[in-house]
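Peer 1: dropping a prediction and its sequence here:
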Protein chains: 4
Amino acid sequence: MKLRLGMIGGGQGAFIGGIHRMAAALDGLYELTAGAFSSDAEKSRATGVLLGLAPDRVYATYEALIAGELQLPASERVQVVAIVTPNHLHFAPARRALEAGFHVILDKPMTFSLAEARQLREIAAASGRRLLLTHTYTGYPMVKEARQLVAAGTLGAVRKVYVEYPQGWLSAFEEGGDNKQAAWRTDPARSGAAGAMGDIGTHAFNLLEYVAGLEVTQLCADINTVVAGRRLDDDGAVLLRLGNGASGVLVATQVAAGEENNVRIRVYGDRGGLEWQQADANTLLVKWLDRPAEIRRTGTGYVGSFARHNARTPAGHPEGYLEAFANLYRNFALALQADLAGHPASPEALDFPSIAEGVRGMAFIENVIASGRSDTKWTDFTV
Amino acid sequence: MKLRLGMIGGGQGAFIGGIHRMAAALDGLYELTAGAFSSDAEKSRATGVLLGLAPDRVYATYEALIAGELQLPASERVQVVAIVTPNHLHFAPARRALEAGFHVILDKPMTFSLAEARQLREIAAASGRRLLLTHTYTGYPMVKEARQLVAAGTLGAVRKVYVEYPQGWLSAFEEGGDNKQAAWRTDPARSGAAGAMGDIGTHAFNLLEYVAGLEVTQLCADINTVVAGRRLDDDGAVLLRLGNGASGVLVATQVAAGEENNVRIRVYGDRGGLEWQQADANTLLVKWLDRPAEIRRTGTGYVGSFARHNARTPAGHPEGYLEAFANLYRNFALALQADLAGHPASPEALDFPSIAEGVRGMAFIENVIASGRSDTKWTDFTV
Amino acid sequence: MKLRLGMIGGGQGAFIGGIHRMAAALDGLYELTAGAFSSDAEKSRATGVLLGLAPDRVYATYEALIAGELQLPASERVQVVAIVTPNHLHFAPARRALEAGFHVILDKPMTFSLAEARQLREIAAASGRRLLLTHTYTGYPMVKEARQLVAAGTLGAVRKVYVEYPQGWLSAFEEGGDNKQAAWRTDPARSGAAGAMGDIGTHAFNLLEYVAGLEVTQLCADINTVVAGRRLDDDGAVLLRLGNGASGVLVATQVAAGEENNVRIRVYGDRGGLEWQQADANTLLVKWLDRPAEIRRTGTGYVGSFARHNARTPAGHPEGYLEAFANLYRNFALALQADLAGHPASPEALDFPSIAEGVRGMAFIENVIASGRSDTKWTDFTV
Amino acid sequence: MKLRLGMIGGGQGAFIGGIHRMAAALDGLYELTAGAFSSDAEKSRATGVLLGLAPDRVYATYEALIAGELQLPASERVQVVAIVTPNHLHFAPARRALEAGFHVILDKPMTFSLAEARQLREIAAASGRRLLLTHTYTGYPMVKEARQLVAAGTLGAVRKVYVEYPQGWLSAFEEGGDNKQAAWRTDPARSGAAGAMGDIGTHAFNLLEYVAGLEVTQLCADINTVVAGRRLDDDGAVLLRLGNGASGVLVATQVAAGEENNVRIRVYGDRGGLEWQQADANTLLVKWLDRPAEIRRTGTGYVGSFARHNARTPAGHPEGYLEAFANLYRNFALALQADLAGHPASPEALDFPSIAEGVRGMAFIENVIASGRSDTKWTDFTV
């Protein structure tokens, strides 16, 4: 049976709501059953019509959605609530949903502040419900492969990590016009303490810790607001120290004019290195000190169990961003199905970002902004 | 409202059935409602359970599916039938479905023989129903862009076309083991007159005529069966002459050991050329005689209406094979929705492969195999 | 001691003469000592001045050069004569030089006709002198590596070979203006029986036979003159059959608008394949049926003896066209030095194109043009 | 007439000496006439023999070379002295050579310390002689093109610069064996205050200031010695502030296992960005906010005057590291020839690194090491 999914946010004109819906649909594991798509009741209703939802399952507010669904029999009620609103509207609906017994899918960054994130951690733990945080990039098969290779020690001890996320779409003062995405992402009241660092820096940070299997312990940040009039950072570069003596660099910018979303990560151990970039997402380069570099590819027979589990097609059929996003949804569904069936879920199914990653992401935002303002070189990474 | 979809073929272990289901699901425009998934009734039933279908909508045979659905009220009955069986089982169900008033989605090549294809053309015309032939590669946004640039005369008059589809998966005698995909694709009784030329040569041929906007008029083929014991061709190279005096080369092989599915097309006019390859599907290179080459990208603001219509995300979010496949399904649904609403569909929605492409594809198979056996250099391309 | 080099052709405005001089200079193994740089005596003189030659070593004609040098003591006389004139002026000076006891470096194609080539073969054999034919592409380290891997059987038995040489510089009627390169290369009286097939087709052919270690036995060619008014072919595609049952395709065109010199070769055996292209000359991709592809690189420690011998720098220092050209000169010098010293030269030094390759290249021209005019599919490759 | 060149250092087994000799030879503008190739007189002599020098022009010490040459008539005496010794042996011979009236070519970094660099600046100014500092990467045609585009304002005001130079060759304790290159480069007594920062960090720094046309004003460095037992840094990452409010990141490491010399630079202005990397040296990507990225290529007709001047072949003939190096030698020669002829040299000829770049490079070393040791975030870049 498909999991019944309710959605909060994601009305027409939103970007990420549509992505979540495609990700949920791709594998036929969810059925979008209910929604509160907008704070504008009429707009919510219109979106519901467009999506073919039963009118009585389309709500004017998230509170109404949760209340309304609770009144339905458990066999009809949505099981999972996806929250795809701007950052300042993550915590309240997530809290309510968890407390009401729903599993939650939450867009990143997890909350508006680290304090909220810590609180949500407690609430989630108390609820016994699962939470998926949609850090897309860790859903790519070749990112899974990278992590598995590093974890297996194939590269030796990790020494250096470089992660970068250059974008160019905020090179001009887009928030001055009618670009809704730009407007909320550069607004401290809706985005939080950080702009670029929250929007894409957290992705880079999560990707780095995921692949390297190490935690950042100290950082030294140069945080800039390049475009005149902008109210949050749109650019940053961060020196990093990690758990085992490794070090690294994180770059995230939204003013690299002409760049799309070229997320890229490189990790070097004492025996070899690896490189992955979203622009060539089905390739993982593995480089060696003394023999030819290897091109590892999605869908091949030689990749590890995590990469294999997260591919839908044989080698040679490019899988992209939506498939990576859908992998998050799929693994979450597999974990929930295992719960429902009373089995343990496989390690591959359980490999999705959740509360712990969300708390560290919010800590990254607060630490990196603090470091950006500090004259001291190294700031301890506190959570 | 979602279009109700019935599927013929695509039981567990099949490859392309799952692809069709994901393509149908991605945009929420179809609901898989009925199926005859296997000639083995029990296997069909089990697939239906797995997919969450109502048991009474899962049939043991395609005849039963068509008969059963016809007994349902029109408002419940499937509207579209997708046929995803091996080639020898395309014609009969397609004929029945069209004659019974269903729209049809058919995997390529369209039929087992050119004679069948010609017959299906008559049947389809008489039926007044629509048919989608799933030549995936023409669903990629940057392939659409390529076609639109050529059609607009941007490159000048087309002079040279090169298309290639190298695979390596049949480098050994895979059909000797339990590889079901290899077994039917190399079996003349199930695949038809051609092996590689039918399986992937038709894709290359379709891509070429689609992008170049020209028809092949003569060909000269070198067709080989490289692997000992194989009963159909697994390799070929074809010299081509096209309508306006252009010429070209088509290569399709399944014994290029180590290759995945690196479909690639290059078209040159008198002012410039273009290059697209599936391995870098979101990029279209446009080269000029006297100025820098351009990198055109999916999801950007500067691409033409066809590329724009066929992308789901902004630039920088890689779209892949499933999205391309889903574009075929989406455009077909948009055309059907327009029909239902009594509007004309947009040119972008109507841009999907259908009967005409299917007949030419079958003609390609017969002409290329005939040329391969001929000692005369040029064989006229007859349809 | 440096080898004393005389040059015939290569006056100002020529292209390939300057390339030869840089190739000769790079490793300090030759000293340009004499020249007959142009059929225009004044122009020859001026070039000599520019190059800093002693005035009495600059001649008005090649006959004068040979005669003049013969009057000098052997210890001063040039030892090697490089002939860098258009094709119709290859044979006569080469014959004279060999007969006079000079070693000869000859630009490709070897002669104006196959008959001349056969004759030159006799003359060279009788002379006991060495001849270098400058097929540049076989001088690249990674082409050497490709050949060595194939020869060692690493890829298994060769099944398919694809070679292509697309250029765009003759997309318009360049010979109508003052483009001297275009003028002679499209002139049957200076270029010979073929245009593109002689100029670049012979390079592609040589590269293919060199890397694959196989000889072409039959061919089927589509030869075109695309640009109106042109007197020789500017485009061709050729189906190939090779010695051991392998087959292939050769493409050479000068009307692929926007292309530079993207020579590319791919060879597939039953265990794997390889790919090299000039645009990424220091990389050799080696692909495998069942494990990750490898990126082999110039200057690394793991490459074979031929690649190692032909690199000047450690990995990471791109080596290009001039270095490849210089490898021909260097190996030729090493062979001559070994002769002078009375040692056998190493296999690596002896690995340069010479008379045999030149005769086969001229045979390629004549066979491919004949096939282009024939209505029969396969033409035997006769020498 | 060729310029007469004397060389100090560069005996057998050295790396950079051979590079300098090939760079000097390529264009026929220099004649290697004299040398003091090693502090071991016998080794110096043997190298001279190998290079075909007259025995009386091969010296046991650099002092002897300078003294000996001064005794020759000006018309025979070397005009230029190339110094290719380890860093601690740059200053003394450079000083002597300049004071004796020779022009000097000096490998980078210019000296052992910033103090020496400042002193050499005075000496050079007083001498009236020219000095070439061989920062190779600024010799690449597409790096010249990048600089010219930035200088013309094509990208708008520069906002971000990223430069990186990852190598992997010092991933293990190479200096413990017989790797001479590793030995001196990791030895404080021969290399100076820095290891990786001096060896390759200075290249990255020079490339950045050259292309961006801006000076670094502040930096914040994380400098590491990753390999146990090593006595100098082998890794670093540096946050940068530049003259006009731009900021950036510089990465240089010798422990990125599996990397060759993938120097890469990206510069972003408010209208577009550019990217160049040595591994694809003949390509310059230029990216735009709102139109397709461009691929600018060496040897084409559309590049600017600096790129054109620094290419030897038409588009499609890859030019590499040696050609870039030779461009430095060639431009230096053209400047000297202009001096000798009493003309002003062209801006393109004068575009080579010299004293000013050398002083800034030494300042980079001292500032970056100081910053690495500092707990304060930003260190002013002092010269």
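Peer 2: Yep, it's here. A quick note: this is a predicted structure, and the numbers were derived from the prediction, not measured. Numbering: from 1, shown residues only, chains lettered A, B, ... in the order given.

Peer 1: number of nearby residues for the closest residue to chain B within the stretch 51-200 of chain A?
Peer 2: Using C-beta to the nearest C-beta, the single residue of the stretch 51-200 of chain A nearest to chain B is residue A:52, 5.9 Å away. To be clear about C-beta, it is placed using only N, CA and C from the backbone, and glycine gets the same treatment. Per other C-beta atoms under 10 Å in any protein chain shown, the neighbour tally for residue A:52 reads 12.

Peer 1: so how far is chain D from the one residue sitting closest to the centre of chain A?
Peer 2: The residue lying closest to the centre of chain A (C-alpha atoms, centre = their mean) is residue A:135, at 1.6 Å. Residue A:135 sits 23 Å away from chain D when distances are taken as C-beta to the nearest C-beta, to the nearest Å.

Peer 1: who's in contact with that residue?
Peer 2: By C-beta atoms under 8 Å, 6 or more residues apart in numbering or on different chains, residue A:135 lies in contact with A:108, A:202-203, A:206-207, A:210, A:328, A:353, A:357, A:361.

Peer 1: my read: residue A:249 touches residue D:249, true?
Peer 2: Yes: using C-beta atoms under 8 Å, residue A:249 is in contact with residue D:249, at 6.5 Å.

Peer 1: what is in contact with the two at once?
Peer 2: Contact with both residue A:249 and residue D:249 is made by residues A:237, D:237, according to C-beta under 8 Å, 6+ apart.

Peer 1: can you check the pLDDT for the residue in chain A sticking out farthest from the centre?
Peer 2: Most distant residue from the mean C-alpha position of chain A: residue A:290, 36.0 Å away (C-alpha atoms, centre = their mean). Here, the pLDDT recorded for residue A:290 equals 92.

Peer 1: which parts of the stretch 151-300 of chain A sit against chain C?
Peer 2: By C-beta under 8 Å from any C-beta of the partner chain, the residues of the stretch 151-300 of chain A that approach chain C are A:285-286, A:290-297, A:300.

Peer 1: was I right to think residue A:70 contacts residue A:78?
Peer 2: No: the criterion here is C-beta under 8 Å, and residue A:70 misses it with residue A:78 at 9.9 Å.

Peer 1: neighbour count: those two, which is higher?
Peer 2: residue A:78 (27 against 13).

Peer 1: from what I see, that one and residue A:5 are in contact.
Peer 2: Yes: assessed by C-beta under 8 Å, residue A:78 is found in contact with residue A:5 at 6.1 Å.

Peer 1: now do the shared contacts for those two.
Peer 2: When contacts are counted by C-beta under 8 Å, 6+ apart, residue A:78 and residue A:5 are jointly contacted by A:33-34.

Peer 1: show me the helices in chain A, by range?
Peer 2: Taking DSSP state H as the test, the helices found in chain A are A:16-26, A:41-50, A:62-70, A:91-99, A:114-127, A:141-151, A:180-185, A:188-191, A:196, A:202-212, A:305-309, A:321-341, A:355-373.

Peer 1: show me chain A divided up by domain.
Peer 2: Partitioning chain A according to automatic domain parsing yields domains covering residues A:3-129, A:139-309+A:359-373.

Peer 1: stretch A:218-238: which residues count as buried?
Peer 2: Within stretch A:218-238, the residues that count as buried by 16 or more other C-beta atoms under 10 Å in any protein chain shown are A:218-227, A:230, A:232-238.

Peer 1: typo on my end, stretch A:314-330
Peer 2: Using 16+ other C-beta under 10 Å as the test for burial, stretch A:314-330 gives A:315-330.

Peer 1: same thing with stretch A:105-124?
Peer 2: Neighbour counts over stretch A:105-124 (16+ other C-beta under 10 Å) mark A:105-114, A:116-117, A:120-121, A:123-124 as buried.

Peer 1: list just the nearest of those residues to chain C.
Peer 2: residue A:108 (31.8 Å).

Peer 1: who's in contact with the nearest residue to residue A:82 once chain neighbours are set aside?
Peer 2: Distance criterion C-beta to C-beta, 6 or more residues apart in numbering or on different chains; nearest residue to residue A:82, sequence neighbours excluded, is residue A:105 at 4.1 Å. Contacts for residue A:105 (C-beta under 8 Å, 6+ apart) come out as A:20, A:80-83, A:131-132, A:134, A:329, A:332.

Peer 1: tell me the contacts of residue A:56?
Peer 2: residue A:68.

Peer 1: now swap in the one 3 residues further on and tell me
Peer 2: Contact partners of residue A:59, counting by C-beta under 8 Å, 6+ apart, are A:34-36, A:44, A:65, A:68.

Peer 1: residue numbers of the stretch 251-383 of chain A in contact with chain B?
Peer 2: Taking C-beta under 8 Å from any C-beta as the contact definition, the stretch 251-383 of chain A meets chain B at A:259-262, A:278-282, A:297, A:299, A:312-323.

Peer 1: just the stretch 1-150 of chain A next, same as before
Peer 2: A:1-2, A:15, A:18-19, A:21-22, A:25-28, A:32, A:51-52.

Peer 1: now tabulate these in a markdown table and tack on pLDDT.
Peer 2: Shown next, in a markdown table, are the residues of the stretch 1-150 of chain A next to chain B (pLDDT from 0 to 100):
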| residue | pLDDT |
| --- | --- |
| A:1 | 78 |
| A:2 | 93 |
| A:15 | 85 |
| A:18 | 95 |
| A:19 | 97 |
| A:21 | 97 |
| A:22 | 97 |
| A:25 | 97 |
| A:26 | 97 |
| A:27 | 96 |
| A:28 | 95 |
| A:32 | 97 |
| A:51 | 94 |
| A:52 | 92 |
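
Peer 1: which of the residues you listed has the most neighbours?
Peer 2: The residue in the residues of the stretch 1-150 of chain A next to chain B with the most neighbours, by other C-beta under 10 Å, is residue A:26 (26 neighbours).
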